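> got a sequence here, can you model it:
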Amino acid sequence: MVRAAYRPVLALERMLASDTAQVARLHQHAERYNLWRGAGGEFYKANQVQSGGGAAGTGLRSLGLSSPHMYQAKLAPAEVTTILRANEYTSTDMPPGPVKSFDMNTLQSNNPIEDAHSEAVLTIGGGLLFGIYDGHGGAACGQVVAKRLLHYIAAGLLAPKDLARHMKLVQEGDTNNPEYSLVNTINDHFELVQDLRDLYQQSYVEYLQMLHSKRVEIGNNEQIHDVEDILIHAFNTLDADMSREAISRPGGVVNMKTVTVAMSGAVAAAAYIEGPNLSVASTGDCTVVVGSLSETDTWIAKKLTLEHNSDNQKEVKRILAEHPETEHHHIIKGDRLLSILAPLRAFGDFKFKWDRATIEDTLGAILGEHACPPNYKTPPYLTAEPEVSYHRLTPRDKFMVIGSDGLWDMMTPMQVVRLVGEHMSGKVTLSPLHLTQPHVPLADIAALLKQRQAAMRLKPTDSNAATHLIRSALGGTAYGVDHGRLSQMLSLPQDMVRMFRDDITIQVVFFDDEYLRHC
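Below is the predicted model of the structure:
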């Protein structure tokens, strides 16, 4: 989640022309944030190798080439497409409801990639959950949150009777029962190592017991179902569990796996869709946008999240209000929390949450004298509590885009919505025309062909909308996607990529307007 620095338009060309040693020196001086990178510990094992890479493109953070014709493309168009499509995923096999399909893709900058994602259908209630997690200081926290958060949300959404039944199944270990797991995950390529699975399962059982006790306390009212409170409680409880797991020392030994999760952090955005109801919880600077058609059939971008960073004055005031005035000039420095952390809300990052004694006891042996941030006096300075927004879907809402800030650093929400909207129109030309009914009048066929001809000018290279966005973000110009620029951005050495762009992870969720028309 490291933000790329602004650079003069010639910087990229100069770096590419320099020798490897000079590039390394430039990178060393230019990199703005690389805290705790490469801390040890094994957190997950990949079932599928993630590949790809890239660098900053156009939009908000544009890096123009002064003489594109002087640059010889390193990658052929087919090679570029192979890289861009390496991690793409499309699902059209969705249960009947508000979502008819979704596209997803991710392109790494960090090695290993610090972004994570999760998509799931709830096994009880039939809702859908989507989430993107943008890690920093390592991949650990983002991957762990991606594996756990949807389960915490799903459990909180259960009615009292369903919760009691599910808790019994989990305690008995009845893995063959379809309700043992509340989420049916899609496109999940990571598996936690066994000791972490066991530890997290125990925490989940305790979470279920807490939820059950809470329901009993308020009288098991079936009507009590405030989605905003459920999402906030799930975020906060998961973060508290990760804190407790890192501090705990069974047998007096520090668990390096849980401690490394605690030293890294992640921002997150999670969307819960149930019927026409869309609720979004966000902590940090991932962004969620709904693309809608206006009455005049022009695209509208409805942003459902606010970034929790120093550009958000309301957020800055919230943090300052929680601490004595004598500290205010130290809390936000250089647009960062305690001059170190860019997001002002995040999972993990417990060196901004624990008291000084806990930090020194848990992290001191690893981080030494730098265990505590400077001017650390009245913690906590950081929270994982999300802001929650609600949107009732209508037939004019066509899709939702969730993206890590690697996308939004290069494009505005309106640019993203227009690109996806044009992709929807042009995508029909990628497959042959099929008449769904026999004996279609010639006049109707002529109208269809005319629409198809108009759509040809929008014909995309990629059928996956998330891939289309990444291609446009990295290679887009005022005249379309430039292959030379795109090839250059995908050819940058690993030690340079972070200076120009962050990891990019995108989910594009398409709504079923026919279903929404009858809601």
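
> pretty sure S279 contacts D229?
No. Counting by Cβ atoms under 8 Å, S279 sits too far from D229 to count as a contact (10.9 Å). Bear in mind the C-beta positions are built from the backbone N, C-alpha and C, glycine included.

> more neighbours: which of the two?
Each of S279 and D229 has its neighbours counted (other Cβ atoms under 10 Å); S279 has more, 20 against 12.

> please name the bridge partners of the more buried one.
Going by DSSP bridges, S279 is paired in beta bridges with Y272, Y390.

> and the residue nearest to I230 when sequence neighbours are not counted, how far from H518?
With Cβ to Cβ, 6 or more residues apart in numbering as the measure, G156 is the residue that lies nearest to I230, at 4.0 Å, once sequence neighbours are left out. If you measure G156 against H518 using Cβ to Cβ, to the nearest Å, the figure is 28 Å.

> next one: Y207
36 Å.

> so for those two, which sits in the more crowded spot?
The residue with more neighbours, out of Y207 and H518, is Y207; 22 against 7, by other Cβ under 10 Å.

> quick check: which element contains that one?
Y207 belongs to helix 194-217 when assigned by DSSP states H and E.

> residues touching the most centrally placed residue in the chain, list them.
Ranked by distance to the mean C-alpha position of the chain (Cα atoms, centre = their mean), the top residue is I132 at 2.2 Å. I132 makes contact with D115, A116, H117, A268, A269, C286, I402, G403, S404, T505, I506, Q507, according to Cβ atoms under 8 Å, 6 or more residues apart in numbering.

> let's see 10 Å
By Cβ atoms under 10 Å, 6 or more residues apart in numbering, the contact list for I132 reads 104, 106, 115-119, 142, 146, 266-271, 282, 286-288, 402-405, 407, 505-507.

> double-check P160 against S213; I have them as touching.
No. Counting by Cβ atoms under 10 Å, P160 does not reach S213; the two are 11.4 Å apart.

> between the two, which is the more surrounded one?
Taking other Cβ under 10 Å, P160 and S213 do not tie; P160 has more neighbours (18 against 9).

> just checking, R249 touches N255?
Yes. The criterion here is Cβ under 10 Å, and R249 meets it with N255 at 7.4 Å.

> between the two, tell me which one has more neighbours.
Remark: of R249 and N255, N255 carries more neighbours, 20 against 13, as counted by other Cβ under 10 Å.

> state the distance from the residue nearest to the centre of the chain to N255.
Distance from I132 to N255, counting by Cβ to Cβ: 27 Å.

> what's the answer for L341, then?
24 Å.

> list the contacts of D103.
By Cβ under 10 Å, 6+ apart, the contact list for D103 reads 88-92, 399, 401, 420, 423, 462-469, 506-510.

> what comes up buried for stretch 150-165?
For stretch 150-165, the neighbour count (16 or more other Cβ atoms under 10 Å) marks 150-160, 163-164 as buried.

> from those, which ones fall inside strands?
Among the buried residues of stretch 150-165, no member falls in strands (DSSP state E).

> from these, pick the one nearest L367.
Nearest to L367, judged by Cβ to Cβ, of those is Y152 at 28.6 Å.

> would you check that that closest one makes contact with E206?
No. Using Cβ under 10 Å, Y152 is not in contact with E206; the gap is 11.6 Å.

> what sits against the nearest residue to A116 once chain neighbours are set aside?
Spatial nearest neighbour of A116, chain neighbours left out: A146 (3.7 Å); criterion: Cβ to Cβ, 6+ apart. For A146, the contact set (Cβ under 10 Å, 6+ apart) comprises 44, 115-118, 131-133, 135, 185, 188, 190, 266, 268.

> could these be laid out in JSON lines, adding secondary structure, pLDDT and distance to P77?
Formatted as JSON lines, the contacts of A146 follow (DSSP: H, G, I helix; E, B strand; the rest coil; pLDDT from 0 to 100; distance: Cβ to Cβ, whole Å):
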{"residue": "Y44", "secondary structure": "strand", "pLDDT": "42", "distance to P77": "34"}
{"residue": "D115", "secondary structure": "strand", "pLDDT": "97", "distance to P77": "26"}
{"residue": "A116", "secondary structure": "strand", "pLDDT": "97", "distance to P77": "30"}
{"residue": "H117", "secondary structure": "strand", "pLDDT": "98", "distance to P77": "27"}
{"residue": "S118", "secondary structure": "strand", "pLDDT": "98", "distance to P77": "32"}
{"residue": "G131", "secondary structure": "strand", "pLDDT": "98", "distance to P77": "33"}
{"residue": "I132", "secondary structure": "strand", "pLDDT": "98", "distance to P77": "29"}
{"residue": "Y133", "secondary structure": "strand", "pLDDT": "98", "distance to P77": "32"}
{"residue": "G135", "secondary structure": "strand", "pLDDT": "97", "distance to P77": "32"}
{"residue": "T185", "secondary structure": "strand", "pLDDT": "96", "distance to P77": "34"}
{"residue": "D188", "secondary structure": "coil", "pLDDT": "93", "distance to P77": "31"}
{"residue": "F190", "secondary structure": "strand", "pLDDT": "87", "distance to P77": "31"}
{"residue": "A266", "secondary structure": "strand", "pLDDT": "98", "distance to P77": "35"}
{"residue": "A268", "secondary structure": "strand", "pLDDT": "98", "distance to P77": "35"}
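
> of those residues, just say which sits nearest to A301.
Nearest to A301 among those: I132, at 17.5 Å, using Cβ to Cβ.

> quick one: N464 from I470, how far?
N464 sits 9 Å away from I470, going by Cβ to Cβ.

> please apply the same query to I247.
Taking Cβ to Cβ, one finds I247 at 39 Å from I470.

> picking up where we left off before, which parts of the helix holding Y207 are buried?
Judged by neighbour count using 16+ other Cβ under 10 Å, the buried positions of helix 194-217 are L196, L199, Y200, S203, Y204, Y207, L208, L211, H212, R215.

> from the residues you listed, which one has the minimum pLDDT?
Note: of the buried residues of helix 194-217, the lowest pLDDT belongs to R215, at 82.

> looks like it contacts L163 (just checking).
Yes. With contact defined as Cβ under 10 Å, R215 reaches L163; the gap is 6.5 Å.

> just the contacts of D103: which are in strands?
Those of the contacts of D103 lying in strands (DSSP E): Y89, T90, S91, F399, V401, I506, Q507, V508, V509, F510.

> most neighbours, which of these?
When neighbours are taken as other Cβ under 10 Å, the top entry among those is I506 (29 neighbours).

> got a list of what the residue nearest to it when sequence neighbours are not counted touches?
In this structure, I506 finds its nearest non-sequential neighbour in A466, 4.1 Å apart by Cβ to Cβ, 6+ apart. Residues counted as contacts of A466 (Cβ under 10 Å, 6+ apart) are 84, 87-90, 102-107, 401-403, 407, 420, 423, 504-508.

> make it 8 Å
Listed by Cβ under 8 Å, 6+ apart, the contact set of A466 reads E88, D103, M104, N105, I506, Q507, V508.

> state the distance from the last one to N464.
Which is V508. Noted for V508: a distance of 8 Å to N464, by Cβ to Cβ.

> cool, R244 as well?
Distance, R244 to N464, using Cβ to Cβ: 40 Å.
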